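*Asks:* Provide a 3D model corresponding to the input given below.
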Amino acid sequence: MAEAALPTLLFTVVWLTVGDLDIALTVSIGAALLLLVIRVVQRSTVQFVVNALVGIGIGWFFVRRAAAAGGSEQDQALAYFLPGILYNGGYAVLLAMTCLVGWPLVGFMVGSITGDPTAWHSDRQVVKLCSRLTWLLVAPCLIRVAIQAPIWLAGSSGSLDPDTAVAALGILKIALGWPLQLAALGAMVWLLSRNRTPVEPDAAPA
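*Replies:* This next block holds a predicted model:
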């Protein structure tokens, strides 16, 4: 959680205090690289640091596109947060579609464990349970888009001070990141722990 949040936090703080986008991006990338070195020295997983670096790289790409289009530094700073909003929107649509067509994504996760990717679909109760679990994964993405997109649009249109929009987006990206994801996973565990999992008990031995 810290590895995901620190680069965004530093980007937001440096931008608001220094007002220099290049410095904010450099500090953000530098922090992620430092965390990567620490992970390598510790010989522990670098997955989450790499994820953060990929996110920063995509954000940097959007910033440069905004700069090439002649956007102000405020527009470029806002562009840094656009990929996350688009990603969550696209992810929510994709997951929701799998539920609406009757092939929820969680079902394929179950299939990957059982060794048969589609056998679960023959049991209507299992499909129903997998749909509920998939909707719980959709919820965090929808919440992020519903809260962040209006702020981003308001900042881009000028109806909200861009610096205020950047500050709000930076805080919300952290607050609605791992904490919201963990809440969704907790809800999934709660749903599974209600002892109503539609799995037939093994036949009693003769």
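
*Asks:* Can you give me the distance of F11 to E73?
*Replies:* Per CB to CB, to the nearest Å, F11 is found 13 Å from E73. Using the backbone N, CA and C atoms, a C-beta is placed for each residue, glycine as well.

*Asks:* The two: which is more packed in?
*Replies:* Ranked by neighbour count (other CB atoms under 10 Å), F11 and E73 place F11 first, with 27 against 17.

*Asks:* Now do the same contact list for the more buried one.
*Replies:* 24-25, 27-28, 80, 170 (CB atoms under 8 Å, 6 or more residues apart in numbering).

*Asks:* cutoff 10 Å now
*Replies:* Contacts for F11 (CB atoms under 10 Å, 6 or more residues apart in numbering) come out as 21, 23-29, 31, 56, 59, 77, 80-81, 166, 170, 173.

*Asks:* Now list whatever residues contact both of F11 and E73.
*Replies:* With CB under 10 Å, 6+ apart as the test, F11 and E73 both reach 21, 24.

*Asks:* ok, for P179, nearest residue in space, not its chain neighbours?
*Replies:* Nearest residue to P179, sequence neighbours excluded (CB to CB, 6 or more residues apart in numbering): M1, at 7.8 Å.

*Asks:* Please flag which of the contacts of F11 sit within helices.
*Replies:* Secondary structure from DSSP state H places 21, 23-29, 31, 56, 59, 77, 166, 170, 173 of the contacts of F11 in helices.

*Asks:* Of those residues, keep whichever come out buried.
*Replies:* 21, 24-25, 27-29, 31, 56, 59, 77, 166, 170, 173 (16 or more other CB atoms under 10 Å).

*Asks:* Kindly indicate which of the residues you listed lies nearest T98.
*Replies:* Lowest distance from T98 to these (CB to CB) belongs to K173, with 25.6 Å.

*Asks:* Correct me if wrong: the closest one contacts T12.
*Replies:* Yes: counting by CB atoms under 10 Å, T12 is a contact partner of K173 at 8.3 Å.

*Asks:* Mind picking out the helix or strand in the protein with the poorest mean pLDDT?
*Replies:* Between all helices and strands in the chain, the lowest mean by mean pLDDT, DSSP states H and E belongs to helix 2-18, at a mean of 84.
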